[in-house]
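A.B. asks: Pasting the sequence and the predicted coordinates here, then a few questions.
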Amino acid sequence: MRRTLPLALSTLLLAGAATAQQRASRSYDFVNSIGVNTHFTYTNTAYYQQPATLINAIQNLHVRHVRDGLAYSWVAPNLYAIHAQLAQAGILADLVTPNPQSGATAAQLDALLPNYPDVEAIEGPNEYDQTNNANWAVDLKAYLPTVWQAGENAHLTVIGPSFTQPASYSAIGVISGYMNFNNLHAYWGGRNPETWGWGGLDAQGHAYGSFEYDLDKENIDGPGVPVIMTESGYVASHTPTQGEIWEGTEAVYAPRLLLHAWNEGITRTYLYELMDDPSSTTGYGLLRYDLSPRPAYAAIANLTKLLADGSSTFAPETLNYSLTGNTTGVETTLLEKQDGSFWLAIWLKGSVYDVNALKPTPIDPQAVQLSISGGKNVRCIWSFDQSGNTSSTSVNSATVNLSVSSTIQLLKIS
């Protein structure tokens, strides 16, 4: 159920030269795979106090999906009105259900869901393996049929519960019968999103901290079930401490995280989170406390603006092209719009920040030549920088010489 062509290509690129007949994904589907975590239930934040401003910020990201909580024991007076505003803005919500100790029944959840006109999915309890309940796995497994039934009754997608510990997947056992999508929380500790990992190996030989390690765990509780990453991101700061990165580094990594997750077959990635709020470490937000945008916000907004497309259904085509030169560590994502234009994202997937020494580790650009056959030419190249901004170069050639770097370049081919 995962898209394998982008991965196959990135593997070929490690060898130094690649010729590919690669089938694209729809550009609309990639943009539609991006979501952001919000906390509109937090009444002491701008989420609740300035919802129109935050909704506008989501729209400017060209994001159509948020992840928030399903209010159960207490509902803030304006919460349902905020979700009505989200629905009117075309933004849909994944709502995290309460924990098992709430005692919520399917009928009670059924009664609450109509108050959320934006709801598109409900999700099992959030990181319940962190509870002090020694019997958490037994209690959670007994509760999941309730969440599943509520989703079935409301004709909603059901996302499984999220975990924080590798051992939790074995503890819960196979729960694929209670979810349409498995749930992944993956953070990188300030490392690049394509990292090979930094911890011990699992039975498949993948190191802790890598996408491959995480997906191995997803196959324990949900074998064969497609994956949604409901939390991922970075803590960005002007003065990073351990586990944090510079704001400019986040602007480099955030677009790569979204593209690499897509290459890994992740159905949707919800970044954590839209804005800094008191419940989380300062720096998780794409917006600061004062709602000013961090560079990563600009980078994502520029990426999604360039790749935005209509939702019309079409079968993506293949593109014949070759990459030669120093292609070690080069990764690509190929997308197509409904007008027939191809959009190729290309970047170097190494680390640009040492999280242990707390200092930048710039990567030298690599000379790569792209050659396209079939009568198509590169028309324009957009280059991203560490401020999240782009510069463009007009081209009209089937062969272009690229200086591939750690920041993405986006090529329009038609």
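C.D. replies: That came through, no problem.
A.B. asks: Report the contact partners of Val227.
C.D. replies: Going by C-beta atoms under 8 Å, 6 or more residues apart in numbering, Val227 touches Phe181, Asn182, Asn183, Leu184, Leu215, Glu218, Gly265, Ile266, Thr267. For glycine as for every other residue, the C-beta is placed from the backbone atoms N, C-alpha and C.
A.B. asks: which ones among these are found in strands?
C.D. replies: Asn182, Asn183, Leu184 (DSSP state E).
A.B. asks: Relative to Ser405, which of the residues you listed is nearest.
C.D. replies: Leu184 (28.4 Å; C-beta to C-beta).
A.B. asks: Can you give me the distance of the residue lying closest to that closest one once chain neighbours are set aside to Val174?
C.D. replies: Spatially, and ignoring its direct neighbours in sequence, Leu184 is nearest to Met229 (4.5 Å; C-beta to C-beta, 6 or more residues apart in numbering). Met229 is 20 Å from Val174, where distance means C-beta to C-beta, to the nearest Å.
A.B. asks: which of the two has more neighbours?
C.D. replies: Higher neighbour count among Met229 and Val174: Met229, with 28 against 13, using other C-beta atoms under 10 Å.
A.B. asks: Correct me if wrong: the more buried one contacts Thr269.
C.D. replies: Yes: counting by C-beta atoms under 8 Å, Thr269 is a contact partner of Met229 at 4.6 Å.
A.B. asks: what's the overlap in contacts for these two?
C.D. replies: Ala261.
A.B. asks: partner residues bridging Ala367?
C.D. replies: Under the criterion DSSP bridges, Ala367 forms beta bridges with Ser403.
A.B. asks: residue nearest the centroid of this structure?
C.D. replies: The residue lying closest to the centre of the chain (C-alpha atoms, centre = their mean) is Thr269, at 2.4 Å.
A.B. asks: Dihedrals phi and psi, that one?
C.D. replies: Main-chain dihedrals, Thr269, degrees, to the nearest 10: phi -120, psi 120.
A.B. asks: and it, what does it touch?
C.D. replies: Ser33, Ile34, Gly35, Ile228, Met229, Ser232, Leu257, Leu258, Ala261, Trp262.
A.B. asks: So what does the last one look like in phi/psi?
C.D. replies: Taking degrees, to the nearest 10, you get phi -60, psi -40 for the backbone angles of Trp262.
A.B. asks: Could you shift the numbering so residue one becomes 372, and keep it that way?
C.D. replies: Okay, using 372 as the starting number, the last item reads as Trp633.
A.B. asks: Please tell me I have it right and it contacts Ile405.
C.D. replies: No: the criterion here is C-beta under 8 Å, and Trp633 misses it with Ile405 at 9.1 Å.
A.B. asks: Could I get the full set of strands for the stretch 572-721 of the chain?
C.D. replies: Remark: strands assigned in the stretch 572-721 of the chain by DSSP state E, counting those that start in this stretch are 598-603, 607-608, 616-617, 639-642, 689-696, 701-707, 713-719.
A.B. asks: Can you lay out the contacts of Thr640 as JSON lines showing pLDDT?
C.D. replies: As requested, those are arranged in JSON lines below (pLDDT from 0 to 100):
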{"residue": "Ser404", "pLDDT": "98"}
{"residue": "Ile405", "pLDDT": "98"}
{"residue": "Gly406", "pLDDT": "98"}
{"residue": "Ile599", "pLDDT": "98"}
{"residue": "Met600", "pLDDT": "98"}
{"residue": "Ser603", "pLDDT": "98"}
{"residue": "Leu628", "pLDDT": "98"}
{"residue": "Leu629", "pLDDT": "98"}
{"residue": "Ala632", "pLDDT": "98"}
{"residue": "Trp633", "pLDDT": "98"}
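A.B. asks: Let me know the pLDDT of Thr476.
C.D. replies: For Thr476, the pLDDT comes out at 96.
A.B. asks: So for it, what's the nearest residue that isn't a sequence neighbour?
C.D. replies: With sequence-adjacent residues excluded and distances taken as C-beta to C-beta, 6+ apart, Thr476 is closest to Thr517, at 6.3 Å.
A.B. asks: can you check Tyr514 too?
C.D. replies: Nearest residue to Tyr514 in three dimensions, chain neighbours excluded: Pro471, at 4.0 Å (C-beta to C-beta, 6+ apart).
A.B. asks: Can you check the pLDDT for the closest residue to Trp718 other than its chain neighbours?
C.D. replies: Leaving aside its chain neighbours, Trp718 sits nearest to Ile779 (4.4 Å; criterion: C-beta to C-beta, 6+ apart). At Ile779, the predicted lDDT confidence score is 98.
A.B. asks: Tell me how many other residues crowd Ile779.
C.D. replies: Around Ile779 there are 24 residues (other C-beta under 10 Å).
A.B. asks: And for Gly561?
C.D. replies: Neighbour number of Gly561 under other C-beta under 10 Å is 24.
A.B. asks: Brilliant, that's me finished.
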